[in-house]
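1. Turn this into a structure:
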Amino acid sequence: MVKSRLVSRLALFGSFFALCVIALGAFTRLIDAGLGCPDWPGCYGHLTVPLSHGAELAANLKYPTTHLVAYKAWAEMIHRYFVGVLSFLILSIVSLIFAQKSARSRSNLIFAVSLMVLLCYQIMLGQWTVTLKLLPVIVSQHLLGGFLIVSLLWMLYLNNKHNEPMDLILVNRCRQLLPWAVIALLLVLFQISLGAWTSTNYASLSCPDFPLCVNGQSLIFYWKAAFNLISPVGINYEGGVLPTAIRQTIQMTHRFGALILTTYLLVFLSIAFHQVKRSLRLMQTLYLIIGLLCIQIGIGISNVIFKLPLATAIAHNLVAALLLLAVITLVFQLATTHHKAST
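-> Now for the predicted structure:
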């Protein structure tokens, strides 16, 4: 039990640290610093950003097509440093699970192995993001991988946290709601994927108006071109290469996805509120989900109206991650309910 609590606390800390990494990744991407360092894992052949005048000249000679911009290079390297710390933290959690018998439950082992596989793939994606010059399909996977890592850490925390038993009627209602909660989770993940594709194709500002793309004008949708995952390798994708019309298709698809997700969550939550009103723990999670949903909608609209301010754009990523964790919490609570024996 002691080791289980330690795993829970480390996973909780890892979840919040992973959120910081997501925020730093969003900051790096939004200031166009994804190629602030043209090599990997160092920066212009150094473990830190070249500081001296001589080192800067040597860096520019070695990489003549990529001029060193100090603040962009530092943003990229700080993000990498945080990723390194997160990787060490994940390795520590996984080692603890395998080393301690009390923490070596089947579910913990599944989460541990999944974390390691995802971490290895995420590191490779980080390298390919640089070497393939922000290839959209790679960067989108890299962004989604960050959300999946924080999700696994959060599930590991929930898995080692003590849950209170419920009465039989509430248990049965939870089991009825579980499939619909899983659908909500899948819709959230799909919407995050659309957001990643929008970001990596630099389509966030392609539609200047809200709720329509360009108010008063009809829009032609280019679905096939907008979601073509096979892009030419070797091109520098920083800033995006797609025509405006195709970027507008991506942006509007993201908005349609948000509308579908919002409608589904509101209907589902209205039913769930009635079904689980006898459980304070579940009610708190439902209120958290609807609160985060409202905040996310407000941030999304403000990003369009105010032309993607840096602070709100980063917040849009973070609230999306928090909404994902809240829905995961609900699914986990519904899936792990057990009957309280009557005395």
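
2. how about the helices in the stretch 151-300 of the chain?
-> Shown for the stretch 151-300 of the chain, the helices assigned by DSSP state H, counting those that start in this stretch span residues 168-200, 223-226, 244-275, 280-305.

3. CSV for those helices, including distance to residue 40 and mean neighbour count?
-> Placement of C-beta: from N, CA and C, glycine included. Below are the helices of the stretch 151-300 of the chain laid out as CSV (distance: least, CB to CB, whole Å; neighbours: other CB atoms under 10 Å):
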stretch, distance to residue 40, mean neighbour count
helix 168-200, 18, 18
helix 223-226, 29, 14
helix 244-275, 27, 17
helix 280-305, 30, 17
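
4. can you list the ones you listed in a markdown table and add distance to residue 129 and mean pLDDT?
-> Putting those into a markdown table (distance: least, CB to CB, whole Å; pLDDT from 0 to 100) gives the following:
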| stretch | distance to residue 129 | mean pLDDT |
| --- | --- | --- |
| helix 168-200 | 10 | 93 |
| helix 223-226 | 21 | 95 |
| helix 244-275 | 19 | 96 |
| helix 280-305 | 23 | 96 |
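
5. looking at those, which is closest to residue 207?
-> Taking CB to CB, helix 244-275 is the member of the helices of the stretch 151-300 of the chain nearest to residue 207, at 4.7 Å.

6. Please identify the buried residues of the helix or strand containing residue 320?
-> According to DSSP states H and E, residue 320 maps onto helix 310-335. Buried residues in helix 310-335, counted by 16 or more other CB atoms under 10 Å: 312-334.

7. just checking, what packs against that helix?
-> Using 3 or more CB pairs under 8 Å, 6 or more residues apart in numbering; DSSP states H and E, the elements in contact with helix 310-335 are helix 2-30, helix 136-159, helix 168-200, helix 280-305.

8. For residue 248, find the nearest of those.
-> Comparing the helices and strands packed on helix 310-335 against residue 248 with CB to CB, the closest turns out to be helix 168-200 (10.7 Å).

9. could you give the angle of that closest one to helix 280-305?
-> Angle between the axes of helix 168-200 and helix 280-305 is 20 degrees (criterion: axes from the mean of the first three to the mean of the last three CA atoms, to 10 degrees).

10. Next up, the contacts around the residue positioned nearest the centre of the chain.
-> Residue closest to the mean C-alpha point of the chain, counted by CA atoms, centre = their mean, is residue 147 at 2.8 Å. Residues in contact with residue 147 (CB atoms under 8 Å, 6 or more residues apart in numbering) are 22, 189, 192, 320-321, 324.

11. so can I have TSV of the helices and strands packed on helix 310-335 showing distance to residue 65?
-> TSV is the format used below for these (distance: least, CB to CB, whole Å):
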stretch	distance to residue 65
helix 2-30	20
helix 136-159	20
helix 168-200	21
helix 280-305	32
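
12. Of all those helices, which one is nearest residue 36?
-> Nearest to residue 36 among the helices and strands packed on helix 310-335 is helix 2-30 (7.3 Å), distances taken as CB to CB.

13. Sort out which residues of the helix or strand following that closest one are buried, please.
-> Downstream of helix 2-30, the first helix or strand assigned by DSSP H and E is helix 53-62. By 16+ other CB under 10 Å, the buried positions in helix 53-62 come out as 55-56, 58-59.

14. which one of these is nearest residue 264?
-> Nearest to residue 264 among those, counting by CB to CB, is residue 59 at 50.0 Å.
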